[in-house]
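[1] the amino acid sequence is not available; the structure is as follows:
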């Protein structure tokens, strides 16, 4: 049997035609990554940049710090807490967007075909709005004199404003808002393909509502759940603007910490090493997540 | 309370919407289905047969009336608490579960121990001859095999009543014939009450113990296939079950005068005035001119063992005769023939 798609000729012509794509991949995608990896093993320049001398200092400083006076080595607690906060906030964001996104996607997918475009439009509007503006909008909601606190105080529920700004909660609220569409859209697409008659089949076969959700709906829309989780988790982990504005200067995430090294910190090798670590965390999480979720047997 | 009744629907009505836009899917349907019976709900699409089935399954709640299962009122019982299982028209197999997991789903949800589920699954898969496919996924099976899995899945929990919603409509003719006898065999072997919904009258006639004919939300006639075929209560039933010729006529003493002026000696049951005669094509014989009515052949259709002749009577009315192909000799379009009608079998319906 002939397979036109799978047996394309890889002759000289083929390579020539794919040259633009290859050049783009090598220089635009892999190139910068290789430069980052290379910078991480060079020596720090006097003010910024690097000196072309091999050095493990960048990588060393990811986990350890050396006392300026007695040169004793200790674990870099600050760095570790920043990594830990980033992972924690990103996982929380993913979970919250899923809990909010599942009913939202379900709602849209069960609307009549005509009005679905409208609901999808509402979900995607924030996409077209500048991230800074969206983040300032969230600030306006959560700050001490903001909408939320004013409403709660005038309703008599609290007497003093709740401090949300410049806390992890503010960052979490901001990231949930910013990344929610990335969860809703793949969930919607998966639910849209879902055969709702299977729910009846489940009920008919003595399953409760919860059992139908867990044993029939979730396993079938799992590709959408995986896609949404990846789409939310990865940018959350590298988030920069949202934690910067809502978390203030001290509640940094990895993105802010990396920026600090290339800016004020003037330590490019450390910044490059941190970037590489971030990339590795993402890759490892992806592999673990897809392994676990494809092995997970809903019927087990 | 008669304990031999499996499903007892009393004055069941289902109305969708309200006010001017309300649609009556079911009128006032009362029906008693006996235990161990193969009962078929037959009617054209939109007649309410599926709505009635869904009311029995619990997917729809009737707007009026009650449904009893083995004497218990289940009108408002949710589907997952009724000992009733459904074979869906679309099969609705769980795509992420293997054949064995699909079949075992109901028992698992009922909380049966894994060992018991496994042995029941093996037994039911053997019943539908799919033992070798236990580990496959539904999409790796053919339509007929998926159909069997759907059957096995609904049979595994040993429901009191099995509901089948046009389960054979997606299969090709040959497979459909096979599955018809297969279903009949399964019903006899398991002794479970089957309620089968179809719009295919032939399917209904060959498989059922009793048939309920429905139209426009109402139950028109309930009876054995013989009763329904030989004694339809009205023109709709006569027309829907098998092919039927209708001739209008006037009662004239003990006979009926039809449009051609001929008198037919049919069996009247006290009817007077205008009547409709329902005549099956096989109750019409063709012979030499002079015997009975006279007609002209307008079309012949060779069907193998039988040949269908479209005939025009003297007054222009059209009837169809079905004759064994080698019995009538060579007749062709334009020939004038004598038509004899088996008057004992003719049904007289109110006009």
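    Happy to help now that I have it. Note that the structure is a prediction, hence the values are computed from the model and not measured.
[2] around chain B, pick out the residues from chain A.
    A:195, A:197-198, A:200-208, A:211, A:215-216, A:219-220, A:298-299 (C-beta under 8 Å from any C-beta of the partner chain). In this view, the C-beta of every residue, glycine as well, is placed from N, C-alpha and C.
[3] all the strands of the stretch 1-150 of chain A, in order from the start?
    All strands of the stretch 1-150 of chain A, identified by DSSP state E, counting those that start in this stretch, fall at A:42-44, A:50-54, A:64-66, A:73-75.
[4] redo those strands as CSV? Include mean pLDDT, mean neighbour count and distance to residue A:87.
    Shown next, in CSV, are those (pLDDT from 0 to 100; neighbours: other C-beta atoms under 10 Å in any protein chain shown; distance: least, C-beta to C-beta, whole Å):
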stretch, mean pLDDT, mean neighbour count, distance to residue A:87
strand A:42-44, 90, 19, 27
strand A:50-54, 89, 12, 28
strand A:64-66, 84, 14, 20
strand A:73-75, 84, 10, 17
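[5] with distance to residue A:19 added, can I get those strands in JSON lines?
    Output for the strands of the stretch 1-150 of chain A, formatted as JSON lines (distance: least, C-beta to C-beta, whole Å):
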{"stretch": "strand A:42-44", "distance to residue A:19": "31"}
{"stretch": "strand A:50-54", "distance to residue A:19": "31"}
{"stretch": "strand A:64-66", "distance to residue A:19": "45"}
{"stretch": "strand A:73-75", "distance to residue A:19": "48"}
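[6] any low-confidence regions in the chain?
    All of this is about chain A. For chain A, the stretches with pLDDT under 70 are A:1-10, A:295-300.
[7] hm, I was asking about chain B
    Ranges of chain B meeting pLDDT under 70: B:1-3, B:327-329, B:351.
[8] mind listing the strands for the stretch 1-150 of chain B?
    In the stretch 1-150 of chain B, the segments counted as strands under DSSP E, counting those that start in this stretch are B:5-16, B:23-34, B:38-42, B:64-69, B:72-73, B:84-87.
[9] the stretch 51-200 of chain B against chain A: which residues are in contact?
    Within the stretch 51-200 of chain B, the positions near chain A by C-beta under 8 Å from any C-beta are B:57-59, B:78-81, B:84-86, B:88, B:90, B:92-97, B:101, B:105-106, B:108-110, B:153-154, B:157.
[10] need the contact list for residue A:273.
    A:40, A:58, A:59, A:61, A:62 (C-beta atoms under 8 Å, 6 or more residues apart in numbering or on different chains).
[11] angle of whichever strand or helix holds it against strand A:50-54?
    Residue A:273 is part of helix A:268-295, with elements assigned from DSSP states H and E. Relative orientation of helix A:268-295 versus strand A:50-54 (axes from the mean of the first three to the mean of the last three C-alpha atoms, to 10 degrees): 70 degrees.
[12] which phi and psi does residue A:49 have?
    Main-chain torsions, residue A:49, degrees, to the nearest 10: phi 70, psi -170.
[13] nearest residue to it in space, please, no chain neighbours.
    residue A:268 (6.0 Å; C-beta to C-beta, 6 or more residues apart in numbering or on different chains).
[14] residue A:20: neighbour count?
    9 (other C-beta atoms under 10 Å in any protein chain shown).
[15] correction: residue B:331
    15.
[16] which of the three states applies to residue B:291?
    The three-state label given to residue B:291 by DSSP: H, G, I helix; E, B strand; the rest coil is coil.
[17] wait, it touches residue B:338, no?
    Yes. In this structure, residue B:291 is within contact of residue B:338 by C-beta atoms under 8 Å, at 4.1 Å.
[18] against residue B:340, how distant is the residue nearest to residue B:282 when sequence neighbours are not counted?
    Of all residues not flanking residue B:282 in the chain, residue B:322 sits nearest, at 4.8 Å (C-beta to C-beta, 6+ apart). To residue B:340, residue B:322 is 14 Å away according to C-beta to C-beta, to the nearest Å.
[19] need the overlap of contacts for those two.
    residue B:284.
[20] quick check on the spatially most distant residue from the centre of chain B: phi, psi?
    If you look at how far each residue of chain B sits from its centre, by C-alpha atoms, centre = their mean, the farthest one is residue B:290, at 40.1 Å. The phi/psi pair for residue B:290 (degrees, to the nearest 10) reads phi 120, psi -30.
[21] check residue B:237 too.
    phi -60, psi -40.
[22] these two touch, right, it and residue B:220?
    Yes. If you go by C-beta under 8 Å, residue B:237 and residue B:220 touch, sitting 5.6 Å apart.
[23] so for these two, which residue has more residues nearby?
    Neighbours per residue, other C-beta under 10 Å: of residue B:237 and residue B:220, the larger number sits with residue B:237, 25 against 19.
[24] if I pick that one, what's in contact with it?
    B:213, B:220, B:221, B:228.
[25] and the two most separated of the residues you listed?
    Farthest-apart pair in the contacts of residue B:237 is B:220 and B:228; separation 9.7 Å (C-beta to C-beta).
[26] intersection of neighbour lists for these two?
    B:213, B:237.
[27] thinking again about what came up before, narrow the contacts of residue B:237 to those in strands?
    Judged by DSSP state E, the subset of these located in strands is B:213, B:220, B:221.
[28] next, work out how far apart the last one and chain A are.
    Plainly put, residue B:221 is 29 Å away from chain A if you go by C-beta to the nearest C-beta, to the nearest Å.
[29] count of neighbours near that residue?
    By other C-beta under 10 Å, 21 other residues sit near residue B:221.
[30] okay, and the beta partners of it?
    Residue B:221 has these beta-bridge partners by DSSP bridges: residue B:213.
[31] partner residues bridging residue B:197?
    residue B:41, residue B:165.
[32] close enough to count as contact, residue B:62 and residue B:24?
    No. Residue B:62 lies out of contact with residue B:24 (C-beta under 8 Å); the separation is 11.8 Å.
[33] so which residues of the stretch 151-300 of chain A form helices?
    Assigned by DSSP state H, counting those that start in this stretch, the helices in the stretch 151-300 of chain A fall at A:168-193, A:197-204, A:209-212, A:218-220, A:222-237, A:241-246, A:254-262, A:268-295.
[34] how about chain B?
    B:49-57, B:99-109, B:114-127, B:143-155, B:173-190, B:201-207, B:225-230, B:235-240 (DSSP state H).
[35] among those helices, which is nearest residue A:85?
    helix B:99-109 (41.8 Å).
[36] so what touches the closest one?
    A:202, A:205-208, A:211, A:215, A:299, B:80, B:85, B:93-94, B:97, B:116-118, B:120-121, B:124-125, B:130, B:133-138, B:141, B:149, B:152-154, B:156-157.
[37] buried only: go through those residues for me.
    Buried by 16 or more other C-beta atoms under 10 Å in any protein chain shown: A:202, A:205-207, A:211, A:215, B:80, B:85, B:93-94, B:97, B:117, B:120-121, B:124-125, B:130, B:133-134, B:137-138, B:141, B:149, B:152-154, B:156-157, out of the contacts of helix B:99-109.
[38] can you name the residue of the stretch 1-150 of chain A nearest chain B?
    Nearest residue of the stretch 1-150 of chain A to chain B: residue A:112, at 15.5 Å (C-beta to the nearest C-beta).
[39] hang on, the earlier thing: what subset of the residues of the stretch 51-200 of chain B next to chain A is buried?
    B:57-59, B:79-80, B:84-86, B:88, B:90, B:92-94, B:96-97, B:101, B:105-106, B:108-110, B:153-154, B:157.
[40] circling back to that earlier point, how much space between the residue nearest to residue A:49 and residue A:260?
    Counting by C-beta to C-beta - residue A:268 and residue A:260 are separated by 12 Å.
[41] same check on residue B:10?
    On the measure of C-beta to C-beta, residue B:10 and residue A:260 end up 78 Å apart.
[42] among the strands of the stretch 1-150 of chain A, which is nearest residue B:187?
    That would be strand A:73-75 among the strands of the stretch 1-150 of chain A, by C-beta to C-beta, at 73.7 Å.
[43] from the contact counts, what lies against that closest one?
    Here strand A:73-75 touches strand A:64-66, going by 3 or more C-beta pairs under 8 Å, 6 or more residues apart in numbering or on different chains; DSSP states H and E.
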